[in-house]
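Chemist: no sequence for this one, just the structure:
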């Protein structure tokens, strides 16, 4: 798969994960409020579950960001390589 296609796919996934993280952050905050008010084992467990889901999605979002940065670095490396090859090709064409 070409780097630009991979980059588009990972960025689309990153946008979805960012929306999920925002939603789950709100869910975890609400669960924490219920935990503090109710002070019951059930409310505590619901908060821990919500927090675990949030942490898992944040880790996936971080992974997606690392993939994006890696793909951008690879793309830039290839573009630089192409840029370096162009003068050589011109010299050969001039000969």
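Modeler: Cool, got the structure. The structure displayed is predicted, hence computed values, not measured ones. Residues are numbered from 1 along each chain as shown.
Chemist: Centre-most residue in the protein?
Modeler: With distances taken as Cα atoms, centre = their mean, residue 64 lies nearest the centre of the chain, 2.6 Å away.
Chemist: now the longest helix seen in the chain, how far from the chain's geometric center?
Modeler: Ordering each helix of the chain by length in residues (DSSP state H) puts helix 41-94 first. Distance of helix 41-94 from the chain centroid (Cα atoms, centre = their mean, to the nearest Å) equals 7 Å.
Chemist: Contact partners for residue 18?
Modeler: For residue 18, the contacting residues are residue 61, by Cβ atoms under 8 Å, 6 or more residues apart in numbering. C-beta coordinates here come from the backbone N, C-alpha and C atoms, glycine included.
Chemist: Could you tell me how many residues sit around residue 38?
Modeler: When neighbours are counted by other Cβ atoms under 10 Å, residue 38 registers 13.
Chemist: separation between it and residue 50?
Modeler: Distance of residue 38 to residue 50, given as Cβ to Cβ, to the nearest Å: 14 Å.
Chemist: what's the answer for residue 12, then?
Modeler: 26 Å.
Chemist: Make sure residue 3 is actually in contact with residue 74.
Modeler: Yes. Between residue 3 and residue 74 there is a contact under Cβ atoms under 8 Å: 5.7 Å.
Chemist: These two - which one has more neighbours?
Modeler: residue 3 (16 against 13).
Chemist: residues contacting the closest residue in space to that one that isn't next to it in sequence?
Modeler: In space, and not counting its chain neighbours, residue 3 is closest to residue 75: 4.9 Å by Cβ to Cβ, 6 or more residues apart in numbering. Going by Cβ under 8 Å, 6+ apart, residue 75 touches 3, 4, 7.
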